[in-house]
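Colleague: coords please:
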Amino acid sequence: MFGFLTAPCSACRSQEHSVYRAHFCGLCNRLRQDYGLPMRFLVNRDATFLSILGNALAATQEAPQSATCCNPLGKPRWVVQEGDPVSYAAAVTLCGLKAKLDDEVADRRSWLTGMPVRGLRGALSGQIAKAELRLNRLGFPVDAVAEALEEQTHIEKHATAAGKAHLDDLSRPSAFSFGKIVAHTGGQARETLEEIGQSLGRVIYSMDAWMDRKQDQRTGQFNPFLLQPGLMNTVPAMVERDLYTISSGLRNLPLSGHRELLDLILGRNLQKTCARILEDGRMAHSSSANQKKRKQNHQSGPAPLCDFCDVFLCCDCGNVCDCGDTDCSGGCCDCGCDCDVCCCDC
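Modeller: Numbering: from 1, shown residues only. Modelled structure (predicted):
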């Protein structure tokens, strides 16, 4: 997945942040227990959302338990690491990595440049096969999703040959895949969940292509907005349509809890993320400013983020805050909030 789903700010949304952090750290533990210690570095916000949504749809929510996370000698914290929802989210994370590696191999212009990616793909084949087996047992259409993602290259080649692009066609593999991923978070309301996932897939495809267009121009990769620049004028309306479908679908879900948290993730936070991306260069500037401010905080005093964050991407401590116009003080974001969802015991 792509990291477009953000976390609630700890200063502004302390209750929702605590729930989110429990699922984030629980997913970290689940990845480690199911697929090995190195796999905990794959913990991410998108999969955390799946864990939260699955628990919210369950008749009985999984109770948090006291456990350590990355640092086994650290202070125990409340985490949600048991149950089908978090196991499902962990398996999806591994299969998502496989899709990413396969896509990287396809993008390489020569067999030689793709060797490191193929090597990594081979090294992880055992863990990936285990994740696929778990998803198959849950009734998830692993093969159908894989075929849909493989179709992406053919759709792009067809668009290039025709000299025109249609975002609905180009985003169809992403929409299908995300639809199935979200639909299988729960045993009920599958149709509504699939509609939410399909809309989310279209939004993510469009936003990812929007952000990558300059890089794709330099590298010669396919990008619908380079093939047909006029498409850029249609994106805001398309994104608004899909964001509305997501929000209205969420309101109709039979959630047993976490509704406000999910409203933040799929509502206000996602809308703000899309708005920032559509404002073009502002997103990159904000990310750079956040990294600089976090580094200054780390040097000037006790930082809310762990040392791992400067080396590995295991702790999702980036541009994740939901602050709006709230006047916050202290912390790591441009708004001044302490938005860490770090799973390490710092």
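
Colleague: how far out from the middle of the chain is stretch 234-253?
Modeller: 18 Å (CA atoms, centre = their mean, to the nearest Å).

Colleague: Stretch 60-74 now?
Modeller: Remark: stretch 60-74 is offset 22 Å from the chain centroid, using CA atoms, centre = their mean.

Colleague: So for that stretch, first residue to last residue, what's the gap.
Modeller: 30 Å (CA to CA, to the nearest Å).

Colleague: Stretch 73-90 now?
Modeller: 24 Å.

Colleague: How about stretch 243-262?
Modeller: End-to-end distance (CA to CA), stretch 243-262: 14 Å.

Colleague: which residue ranges form the helices in the stretch 51-200 of the chain?
Modeller: Taking DSSP state H, counting those that start in this stretch as the test, the helices found in the stretch 51-200 of the chain are 84-107, 115-123, 125-137, 142-162, 167-170, 172-183, 190-219.

Colleague: in this protein, which residue is closest to the centre?
Modeller: D46 (2.7 Å; CA atoms, centre = their mean).

Colleague: Roughly how far does that one sit from R241?
Modeller: Between D46 and R241 the computed distance is 21 Å (CB to CB, to the nearest Å). C-betas here are computed from N, CA, C, even on glycine.

Colleague: Check L101 too.
Modeller: Here L101 is placed at a distance of 32 Å from R241 (CB to CB).

Colleague: and the two? which has more neighbours close in?
Modeller: L101 (18 against 13; other CB atoms under 10 Å).

Colleague: For that one, give me the pLDDT.
Modeller: pLDDT, L101: 81.

Colleague: ditto for L243
Modeller: Reported pLDDT for L243: 95.

Colleague: which residue sits closest to it, ignoring its sequence neighbours?
Modeller: Q271 (5.8 Å; CB to CB, 6 or more residues apart in numbering).

Colleague: Just the element for that neighbour, please.
Modeller: helix 270-278 (DSSP states H and E).

Colleague: what's the weakest-modelled helix or strand in this structure?
Modeller: Least confident element among the helices and strands of the chain, by mean pLDDT, DSSP states H and E: helix 282-300 (a mean of 47).

Colleague: deepest of the helices of the stretch 51-200 of the chain, which one?
Modeller: Stretch with highest mean neighbour count among those: helix 172-183 (a mean of 23; mean count of other CB atoms under 10 Å).

Colleague: Where does pLDDT dip in the stretch 51-200 of the chain?
Modeller: For the stretch 51-200 of the chain, residues meeting the criterion pLDDT under 70 lie at 70, 105-114.

Colleague: coming back round to it: what's the pLDDT at the residue nearest to the centre of the chain?
Modeller: pLDDT, D46: 92.

Colleague: Can I take it that it is in a helix?
Modeller: Yes - the assignment for D46 (DSSP: H, G, I helix; E, B strand; the rest coil) places it in a helix.

Colleague: thought it was touching F4?
Modeller: Yes - contact criterion CB atoms under 8 Å: D46 and F4 qualify, at 7.4 Å.

Colleague: From what I see, M207 and A275 are in contact.
Modeller: No - using CB under 8 Å, M207 is not in contact with A275; the gap is 10.5 Å.

Colleague: how many other residues sit next to Q228?
Modeller: Residues near Q228, counting by other CB under 10 Å: 16.

Colleague: ugh, wrong one, L73
Modeller: 6.

Colleague: isn't A148 right up against S177?
Modeller: Yes - assessed by CB under 8 Å, A148 is found in contact with S177 at 5.6 Å.
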